[in-house]
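S.K.: below are the sequence and a predicted model for it; my questions follow.
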Amino acid sequence: MQSERRRRLTPAIADVRRSVREILRAAPVPEFVLVGLSGGADSLALAAATSFEARRAGVRAGAVIVDHRLQAGSADVAATAADQARQLGLTPVLVLTVDVGTGGGPEAAARAARYAAFERALAETGASAVLLGHTLDDQAETVLLGLARGSGPTSLRGMSVRNGPYLRPILGIRREQTRQFCIDSGLTPWHDPQNDDARYARVRVRQTVLPLLERELGPGISEALARTADALREDSDALDELARALLQGAWSRTEHGGQIPVAALAPSSAAVRQRVIRFAAEETFGALLTRSHTLAVGRLVTDWHGQEALNLPGIRVERQDGVLTFTVLDTHPSKGLPRSHGTSRH
């Protein structure tokens, strides 16, 4: 007879465990990780697989549960998830409560509060990484939402398996596999009622748009969107590298900002040039520029006819004597772009 362990090694369990094993053993190999656990099927399957694989890889593994306090009974949900984590052998288990603001909409505000809690957990425990339960389905939804919003390659590249201290081992696993993992393992996941709330765009994509595309265009849409994200990420990373190298070689700091010679930007492709402009604004001033803004600055390079300075979110950009100068924005009215361009975020 087969042992209980062998009998329960179903395809879903094997696939999720394999994905976790690969990331725990890939360089740089972590010594101590936390699983971001909500109690839902995706993160619960990830927690169980991590507990199993971490012991075999010699990696310490704990869990962090974030209580957003947005729903009645959220403390009970968090407590149940913490109990599940302990039963799986994860230690330490942290339950952190957060205050969710209103900036950027409810989803963005909750995400910001959650990642702030993850940063706190990393600092308090000394862990090197937080494992997140995003799946291939989450990736497909992210890419489709980015397409609908015209967000450009930054959004279309989707989520990365590795992004600083955040690891996504099951980004290639389908959501149905994590649900089957929980069934096969005798685990009871929590179902978030917000996952059925059609007020959220992501829920409408999940429940209506993607199924419609599958029916009308054929199966495999989610996988195709995920492959698109992988390809765009490779291209975007290469362009980012070129842009950062150009910026590092040509950018010079000034008392109130920085500057870069027009001659350094002019020969570059539009894709590289706009990245240089965006990186300069973000890294020096913390200013986030939209495509409209970078295009306008780019015209100071490629279509110069004596334009006035541009007042953009947080910065002022002007061309003088063949140099683009970036300075902190003063309180004067915008010039060169309609005021809406200075306040919109795409």
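M.R.: That came through, no problem.
S.K.: where does the residue nearest the centre of the chain land in three-state SS?
M.R.: Residue closest to the mean C-alpha point of the chain, counted by C-alpha atoms, centre = their mean, is Met159 at 5.0 Å. When classified by DSSP: H, G, I helix; E, B strand; the rest coil, Met159 comes out as coil.
S.K.: for it, which residues are in contact?
M.R.: Applying C-beta atoms under 8 Å, 6 or more residues apart in numbering, we find Met159 in contact with 134, 138-139, 142, 168, 171, 229. To be clear about C-beta, it is placed using only N, CA and C from the backbone, and glycine gets the same treatment.
S.K.: export these as JSON lines, with columns for pLDDT, distance to Asp197 and secondary structure.
M.R.: Converted to JSON lines, the contacts of Met159 look like this (pLDDT from 0 to 100; distance: C-beta to C-beta, whole Å; DSSP: H, G, I helix; E, B strand; the rest coil):
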{"residue": "His134", "pLDDT": "98", "distance to Asp197": "19", "secondary structure": "coil"}
{"residue": "Asp138", "pLDDT": "95", "distance to Asp197": "16", "secondary structure": "helix"}
{"residue": "Gln139", "pLDDT": "95", "distance to Asp197": "21", "secondary structure": "helix"}
{"residue": "Thr142", "pLDDT": "92", "distance to Asp197": "18", "secondary structure": "helix"}
{"residue": "Arg168", "pLDDT": "98", "distance to Asp197": "24", "secondary structure": "coil"}
{"residue": "Leu171", "pLDDT": "97", "distance to Asp197": "24", "secondary structure": "coil"}
{"residue": "Ala229", "pLDDT": "92", "distance to Asp197": "25", "secondary structure": "helix"}
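S.K.: break this protein down into its domains, please.
M.R.: Split into domains by automatic domain parsing, the chain comes to 4-227, 251-342.
S.K.: would you check that Gln180 makes contact with Val16?
M.R.: No - with contact defined as C-beta atoms under 8 Å, Gln180 does not reach Val16; the gap is 9.2 Å.
S.K.: who's more crowded, these two?
M.R.: Neighbours were tallied for Gln180 and for Val16 using other C-beta atoms under 10 Å; the higher tally belongs to Val16 (30 against 19).
S.K.: list the buried residues of the helix or strand harbouring the more buried one.
M.R.: Val16 is located in helix 11-25, with elements delineated by DSSP states H and E. Judged by neighbour count (16 or more other C-beta atoms under 10 Å), helix 11-25 contains these buried residues: 12-13, 15-17, 19-21, 23-24.
S.K.: now do that helix: distance to the chain's middle.
M.R.: Its chain's C-alpha centre lies 21 Å from the corresponding centre of helix 11-25 when counted by C-alpha atoms, centre = their mean, to the nearest Å.
S.K.: what is it packed up against?
M.R.: Packing partners of helix 11-25 (3 or more C-beta pairs under 8 Å, 6 or more residues apart in numbering; DSSP states H and E): helix 41-57, helix 175-185.
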